[in-house]
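Colleague: pasting a predicted model and its sequence here:
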Amino acid sequence: MIPPRDLAWPFFSDEHRAFARDLEAWSARVAVFDDERDADTSVRAWVRALGEGGWLAPCARLDVRTLCIARETLAYRSALADFALAMQGLGSGAITLFGDAAMRDTYVPRVVAGEAIAAFALSEREAGSDVAALATTARRDGDGYVLDGEKTWISNAGIADLYVVLARTAPTGAKGLSAFVVDAGTPGLEVSERIATISPHPLGTLRFRACRVPAARRLGGEGDGFKIAMATLDLFRSTVGAAALGFARRAYDETRAHAGSRMLFGAPLAALQLTQAAIAEMATDIDASALLVYRAAWTKDTGAERVTREAAMAKLFATEAAGRICDRAVQLFGGRGVTQGEIVERLYRDVRALRIYEGASEIQKVVIARASMEGR
Ligand code: COS
């Protein structure tokens, strides 16, 4: 939940403030569809509910501040609600940004209505951080392309209706990549494996075997794939920081409530100076994260062509900080902190992947260092 004083920041317009308050009210009221044993059903339910509520509209408008507010607000309540919205955005973002009118009309309204589930298929077993090393091929054949290869750790694999897929149309390097939209159910596309993680959500491996895709399903020009992937990731990286912020704020609020009521040595836990130090560091990490996230989002929304550096800083700092905060929360909850069913135990698991997906912390450092050396 974004505190009212933060909403007073100049990064936001009245429209953003109203969106934050309305989504907060909706998400506090709505039933929570989080069943860790059946994440597929939970995510489908969230996508439908978010679509019906009109909350997926920012996935098509791509106003980064609204996307960040949405992720921060939903992550505070439910990791799967945040995941559902994030993937509708990331999975359709490249179509909104680079698709022609026909492709946008075919896919984006259904994604926004919650009628179609979207996915972004970039990572491979040997290439995720090094995008230019992708090996899946797309061979031109008449009026289409034939895809062969494997993608893994793909969120929504198995429940998605459409996949944006990065594949190689020329032998080497970043300029040899192109992007395609592939419908689930296309002959030659198979979900070959489902992957279980510490914070369950739909994830799996896709296998392409002579999978034929019409040329009209290529996004942008042949060879534009690397830049399409980078531009899409640049836009969504700040939103990963925003989700981290939502988890962190929840852990912080749970910790403050606990520290005020848990008695030890004849006083509340919060009376101990070591607890006070922990709470002070959590609070400072949260404000610093929020400032970096909304600085990056505002910079993009107000017309910057690239926000590579700002988005990398926001994701790096906010996800690392949220890891520290959720870890501290577990520590201050003691035995309860590692007990299944406790909110902070769940947050501790939910927050971990954010330092890895959409560019690991180490990659964000590479990106920031390069920009710094170039004087950007
Ligand atoms: N936006 C637009 N264009 C970009 C860009 C960006 N963010 N980053 C790079 N480019 C352009 C470059 O300007 C360059 O263009 P020219 O050849 O015309 O000059 C081209 O793309 C190649 O860039 P570069 O040489 O920097 O490519 P690298 O292979 O060295 O890129 C990094 C390395 C680390 C930046 C890249 O591979 C990356 O971001 N990896 C992380 C990807 C990721 O998030 N993976 C997680 C899986 S997806 S959930």
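Modeller: That came through fine. Since the model is a prediction, treat every value here as computed from it, not as a measurement.

Colleague: quick one, what contacts the spatially closest residue to residue 197 that is not a sequence neighbour?
Modeller: Residue nearest to residue 197 in three dimensions, not counting chain neighbours: residue 203, with 6.1 Å by CB to CB, 6 or more residues apart in numbering. C-beta: built from backbone N, CA, C; applies to glycine. Residues in contact with residue 203, defined by CB atoms under 8 Å, 6 or more residues apart in numbering, are 153, 154, 155, 156, 157, 194, 195, 196, 197.

Colleague: from the ligand, how far off is the last one?
Modeller: Right, the one you point to is residue 197. Distance of residue 197 to the ligand, given as CB to the nearest ligand atom, to the nearest Å: 14 Å.

Colleague: isn't that residue up against residue 353?
Modeller: Yes: counting by CB atoms under 8 Å, residue 353 is a contact partner of residue 197 at 6.8 Å.

Colleague: who's more crowded, those two?
Modeller: Using other CB atoms under 10 Å as the criterion, residue 197 and residue 353 rank with residue 353 on top: 20 against 12.

Colleague: the more buried one looks like it's in a helix, true?
Modeller: Yes: counting by DSSP: H, G, I helix; E, B strand; the rest coil, residue 353 is located in a helix.

Colleague: which bits of the stretch 251-376 of the chain sit near the ligand?
Modeller: Residues of the stretch 251-376 of the chain lying close to the ligand by CB under 6 Å from any ligand atom are 306, 308, 357, 358, 359, 363, 366, 367.

Colleague: specify which member of those is nearest to residue 31.
Modeller: Residue 31 lies nearest to residue 357 out of these, by CB to CB, at 27.1 Å.

Colleague: tell me if I'm right that that closest one and residue 240 touch.
Modeller: Yes: look at residue 357 against residue 240 with CB under 8 Å: they come within range, at 7.3 Å.

Colleague: how close does the most far-flung residue of the chain relative to its centre sit to residue 196?
Modeller: The centre of the chain is farthest from one residue, residue 266, which by CA atoms, centre = their mean lies 43.5 Å away. From residue 266 across to residue 196, the span is 45 Å (CB to CB, to the nearest Å).

Colleague: looking at residue 357 and residue 240 now, which is surrounded by more residues?
Modeller: Between residue 357 and residue 240, counted using other CB under 10 Å, residue 240 has the larger neighbour count: 29 against 17.

Colleague: per-residue confidence for whatever residue of the stretch 201-350 of the chain ends up closest to the ligand?
Modeller: Proximity of the stretch 201-350 of the chain to the ligand (CB to the nearest ligand atom) peaks at residue 230, 3.4 Å away. Residue 230 carries a pLDDT value of 96.

Colleague: residue 264: neighbouring residues, count only.
Modeller: Neighbourhood size, residue 264 [other CB under 10 Å]: 11.

Colleague: who's it bridged to?
Modeller: residue 267 (DSSP bridges).

Colleague: tell me the secondary structure of the spatially closest residue to residue 175 that is not a sequence neighbour, please.
Modeller: Leaving aside its sequence neighbours, residue 175 sits nearest to residue 223 (CB to CB, 6+ apart; 5.1 Å). Recorded secondary structure, residue 223: coil (three-state DSSP).

Colleague: from residue 306, how far out is residue 129?
Modeller: Noted for residue 129: a distance of 19 Å to residue 306, by CB to CB.

Colleague: wait, residue 253
Modeller: Per CB to CB, residue 253 is found 35 Å from residue 306.

Colleague: check residue 138 too.
Modeller: Distance from residue 138 to residue 306, by CB to CB: 26 Å.

Colleague: ok, these two, which is more surrounded?
Modeller: Comparing residue 138 with residue 306 by other CB under 10 Å, the one with more neighbours is residue 138, at 29 against 14.

Colleague: so which of the contacts of residue 203 is the most crowded?
Modeller: Most neighbours among the contacts of residue 203, by other CB under 10 Å: residue 156, with 28 neighbours.

Colleague: strands - which of the contacts of residue 203 land there?
Modeller: Those of those mapping onto strands are 153, 154, 155, 194, per DSSP state E.

Colleague: how about a markdown table for these, with pLDDT and distance to the ligand added?
Modeller: Compiled in a markdown table, the ones in strands among the contacts of residue 203 are given as follows (pLDDT from 0 to 100; distance: CB to the nearest ligand atom, whole Å):
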| residue | pLDDT | distance to the ligand |
| --- | --- | --- |
| 153 | 98 | 8 |
| 154 | 98 | 9 |
| 155 | 98 | 8 |
| 194 | 97 | 18 |
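
Colleague: for residue 22, state which of those is nearest.
Modeller: Using CB to CB, residue 155 comes nearest to residue 22 of these, at 26.6 Å.

Colleague: return the member of the residues of the stretch 251-376 of the chain next to the ligand nearest to the ligand.
Modeller: Set against the ligand, the nearest of those by CB to the nearest ligand atom is residue 359 (3.2 Å).
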